[in-house]
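1. Sharing a model prediction with you, sequence too.
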Amino acid sequence: MNTLRVPVDPWNPDPAVLREAAAVLRRGGLVAFPTETVYGLGANALDADAVRGIYRAKGRPSDNPLILHLACREEAERLARPTPRARSLMSAFWPGPLTLVLPARPVVPAETRGGLDTAALRMPDHPVAAALIEAAGFPLAAPSANLSGRPSPTDADSVWEDLGGRADMILDAGPVSVGIESTVLDMTAEPPLLLRPGGLSREVLEDFLGVGLGCPEVPSARSPGTRYRHYAPFVPVWIWEGGPLPEGADPGRCGFMGLTSPSAPFARSLRFDSPENYARGLFAGFRAMESAGVLGIVVQWPPASGVGLGLRDRIRRAARTGAEDDSAASASLGL
């Protein structure tokens, strides 16, 4: 497959380019596009054959549900059965990095739902994403635009690295603004369950709802991107919580990423001045470290508040090891 990469203005995308991308989607093709969180690999969420193309292109397990990206809040009523509490969250935080898991209506194919009875919905806060969904005229199923298990793409270069030749079109609008995926709430539970921390903080949601969010003890099948090894570079990742470096992490041959720098001189270092910038740079940093030829990456454990909770989730799963993760990673690559 020849992948067409097209630059677009992130604030004023060319309508002609959007029409071309929408035509690709109407034919059942795949278009990678920017959101505020990461780049997504989009297909018609209501076309089972098109959705199966996403799983093939990414090497993604077919039981891993996809998020439906909407152009307006009203569209959620056609696809799912929102609760009053879910509607209040939509009004307050859509568009934005919040995904709501709701009982699905029959119009959503089983392929998009990962075979579940729920659908994961969100309304992205990016002019290109919004305009593309509106031009297509249907919701887009869109996981991150990377090979399954790899660091999520926060710019079009990363999309091209993984999916060049696998997607029909890439809309290149430069780097994204958030850098980690959306927060996922299961609205079928009471109180709602925080299935995946992300770009919208737990504190903000709990303050708005007036209740504490539940947390599942094990990763939930209802949430996209939580049950398999994710976000991982090809080299080992170690978590550093201060003090001595992790065993096996040779600073002279490894990279370091974090908010502060340990005293040891590393082969390559990326230091961020805030948790928000840490989130924006995490996945791109993983890929940059790989390209620099480091033999491993030491990643500082961020604070467990605000976007730091989502950062911890991504770092923890990038650093996972063991037989269970090896088999899951193989499955996610279609092996």
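-> That came through, no problem.
2. At which residues are the strands of the chain located?
-> Ranges of strands in the chain, per DSSP state E, are 4-7, 31-34, 39-44, 67-69, 98-103, 118-122, 140-141, 169-172, 183-186, 193-196, 237-240, 255-258, 268-271, 297-300.
3. closest to residue 130 out of these?
-> strand 67-69 (9.1 Å; CB to CB). Where C-beta positions appear, they are placed from N, C-alpha and C, glycine not excepted.
4. Which other helices and strands does that closest one contact?
-> Counting contacts by 3 or more CB pairs under 8 Å, 6 or more residues apart in numbering; DSSP states H and E, strand 67-69 packs against strand 118-122, strand 140-141.
5. and the longest one, how far out from the chain's middle?
-> The chain centroid and the centroid of strand 118-122 are separated by 14 Å, computed with CA atoms, centre = their mean, to the nearest Å.
6. And for stretch 297-304?
-> 19 Å.
7. what's next to it, contact-wise?
-> Here stretch 297-304 makes contact (CB atoms under 8 Å, 6 or more residues apart in numbering) with 233, 235-242, 245-246, 249, 251, 254-260, 262, 266, 275, 278, 286, 289, 308, 311-312, 315, 318-319.
8. Between its first and last residues, what's the separation in stretch 82-100?
-> Using CA to CA, to the nearest Å, one end of stretch 82-100 lies 9 Å from the other.
9. pLDDT score for residue 333?
-> What the model reports for residue 333 is a pLDDT of 22.
10. no no, residue 262
-> Per-residue confidence (pLDDT) for residue 262: 86.
11. before we move on, what about residue 225?
-> For residue 225, the model assigns a pLDDT of 50.
12. Also residue 228?
-> At residue 228, pLDDT is 52.
13. The stretch 101-250 of the chain: helices as residue ranges?
-> Per DSSP state H, counting those that start in this stretch, the stretch 101-250 of the chain carries helices over the ranges 110-113, 127-136, 156-163, 202-209.
14. so can I have JSON lines of those showing distance to residue 60, mean pLDDT and mean neighbour count?
-> Output for these, formatted as JSON lines (distance: least, CB to CB, whole Å; pLDDT from 0 to 100; neighbours: other CB atoms under 10 Å):
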{"stretch": "helix 110-113", "distance to residue 60": "11", "mean pLDDT": "96", "mean neighbour count": "22"}
{"stretch": "helix 127-136", "distance to residue 60": "20", "mean pLDDT": "98", "mean neighbour count": "22"}
{"stretch": "helix 156-163", "distance to residue 60": "12", "mean pLDDT": "98", "mean neighbour count": "22"}
{"stretch": "helix 202-209", "distance to residue 60": "27", "mean pLDDT": "97", "mean neighbour count": "15"}
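15. For these, give me JSON lines that also has distance to residue 56.
-> Shown next, in JSON lines, are the helices of the stretch 101-250 of the chain (distance: least, CB to CB, whole Å):
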{"stretch": "helix 110-113", "distance to residue 56": "11"}
{"stretch": "helix 127-136", "distance to residue 56": "20"}
{"stretch": "helix 156-163", "distance to residue 56": "11"}
{"stretch": "helix 202-209", "distance to residue 56": "35"}
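16. Ok, which of the ones you listed comes nearest residue 71?
-> Minimum separation from residue 71 across the helices of the stretch 101-250 of the chain (CB to CB) falls at helix 127-136, 4.1 Å.
17. Hmm, residue 281 is touching residue 178, no?
-> No. Between residue 281 and residue 178 there is no contact under CB atoms under 8 Å: 11.4 Å.
18. Between these two, which is the more surrounded one?
-> Using other CB atoms under 10 Å as the criterion, residue 281 and residue 178 rank with residue 178 on top: 23 against 18.
19. Just the buried ones among the contacts of stretch 297-304, please.
-> 233, 236-238, 240, 245-246, 249, 251, 254-259, 262, 266, 275, 278, 286, 289, 308, 311-312, 315, 318-319 (16 or more other CB atoms under 10 Å).
20. what residue ranges in the stretch 201-335 of the chain score low on pLDDT?
-> Under the criterion pLDDT under 70, the flagged ranges of the stretch 201-335 of the chain are 217-229, 321-335.
21. cutoff 90 now
-> Filtered on pLDDT under 90, the stretch 201-335 of the chain yields the residue ranges 215-231, 261-264, 320-335.
22. Also the stretch 51-200 of the chain?
-> 60-64.
23. 80 instead, please
-> Applying pLDDT under 80 to the stretch 51-200 of the chain flags residues 62.
24. that older thread, ok, which of the strands of the chain comes nearest residue 215?
-> Nearest of these to residue 215, taken as CB to CB: strand 193-196 at 5.3 Å.
25. The closest one packs against which elements?
-> Using 3+ CB pairs under 8 Å, 6+ apart: strand 193-196 touches strand 183-186.
26. go with 10 Å
-> strand 98-103, strand 183-186, helix 202-209, helix 308-318 (3 or more CB pairs under 10 Å, 6 or more residues apart in numbering; DSSP states H and E).
27. so residue 99 touches residue 118, yeah?
-> No. If you go by CB atoms under 10 Å, residue 99 and residue 118 don't touch, sitting 11.3 Å apart.
28. ok, these two, which is more surrounded?
-> residue 99 (26 against 22).
29. Report the separation between that one and residue 37.
-> 10 Å (CB to CB, to the nearest Å).
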